Each structure stands twice: as C-alpha cells, then as structure tokens.
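J.: with the sequence up front, the predicted model follows.
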Amino acid sequence: MEAYNYIKALHLIFVVTWFAGLFYMPRLFIYHIEAQESEEPARSILSGQFKLMSKRLWLIITWPSAILCTLFAIGLLVLMPEWLSQGWMHVKLSFVLLLFVYHLKTHQIYKELQRDYFRYSSKFMRLFNEGSTLILFAVVFLVILKSALNWIFATVGFFALGGMLMMGIKIYKRIRDKNPEA
C-alpha cells in the first residue's frame, strides 16, 4: 500500500496544478479581451503579453497537469478496482468527464484568442470561469463523503453554490462599475 500513498499524493498534486491553470486561464482571457478596448500601441503590447502568458500557462502547466493527474488517477483505480463498483465513483467520474469538457472548451477559447478571434465577452468569461469551481466543489465533496453523501442535500448545495458565485460576480461588477480600479 505504500505505492498507493505515493500515487495518491502525486494525483492530488497534479489535481491542484491542473485546477490552478483552469482557474487562471479564464482570468487571462478576460484581461486579453478587455485589452482590445485599449488604444494602440497598448492594445498590441498587452495582447502579445497575454498570448505569451496564456501559452506558457496552458502548455507548460495546465495540459501536462491534466495528463499526469489522469495517469495517476488510473494508477489509483488499478490499485483499488473496487471503487469502480461504488456509486460515488460513478458520479465523480461523471464530473471528471464534465471537467474534461470544460478543459477542452478552454483549449478552444485559448486557440481562438491566440489567433486574435474574440468571440466571447469578458462578462461571459467571468461566468465561464466559475465552471471549474463548481466541478471542484462537487468532486471534493464526493471524494470526502463517499457513500455518506446525501444526494438531495448535495444537489441543492451545488446549485446554491452556483447561485452564490453568480451573486458574487454581480456584486463585483457593481463595485467595479463604481470604481474601475477595483
């Protein structure tokens, strides 16, 4: 079981670094999109800097972390195959699948912004940014509580968290509209 603890530790490390990338990429997207409102030469300078920052974060940290996290997760499932027969693991894997969908959508937006294609507003990106937060909460509670999880409470809590995040975004927008430096 010593191998299990090492693999679990590595899995958790790469979960953290993967989520760090998923949390910060949309912020960079927001800054990149908002930089388009700047006058030249600031627009070009900022755009070039955000492209570089995004490229480094995405290709050096986020993608490798996602791959390594997945490989170590597979290692854990090889060592603990009985987890695959438990309901909480089925739900967790569903959320992990949703996380990969989110990751791939983030990759699509990354590629578009690298080509100076601005399809989304900064407001959309602020909402999009909360997707990984919701998935993280769901997965952590599933892993910690396992079969003791009250599914109704969890579902209500999940939507309540989403609502609180949306209210937080609206409050921040009001503060920002009053004070653009915030």
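T.: Structure received. Residues are numbered from 1 along each chain as shown.
J.: CA only for contacts and neighbour counts going forward, please
T.: Will do.
J.: the protein: helices as residue ranges?
T.: Along the chain, counting by DSSP state H, helices occupy 2-35, 42-56, 63-79, 87-114, 122-128, 130-145, 151-178.
J.: make a markdown table out of the ones you listed and add mean pLDDT and mean neighbour count.
T.: Converted to a markdown table, those look like this (pLDDT from 0 to 100; neighbours: other Cα atoms under 10 Å):
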| stretch | mean pLDDT | mean neighbour count |
| --- | --- | --- |
| helix 2-35 | 97 | 18 |
| helix 42-56 | 97 | 16 |
| helix 63-79 | 98 | 17 |
| helix 87-114 | 94 | 16 |
| helix 122-128 | 92 | 15 |
| helix 130-145 | 87 | 16 |
| helix 151-178 | 74 | 13 |
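J.: wait, isn't residue 134 in contact with residue 164?
T.: No: applying Cα atoms under 8 Å as the test, residue 134 and residue 164 come out as separate, 10.9 Å apart.
J.: which pLDDT does the model give residue 182?
T.: pLDDT for residue 182: 63.
J.: over to residue 62?
T.: If you check residue 62, the pLDDT there is 98.
J.: now it: how far from residue 34?
T.: To residue 34, residue 62 is 23 Å away according to Cα to Cα, to the nearest Å.
J.: try residue 165
T.: For residue 165, the distance to residue 34 - Cα to Cα - is 21 Å.
J.: and residue 169, by the same measure?
T.: Taken as Cα to Cα, the span from residue 169 to residue 34 is 17 Å.
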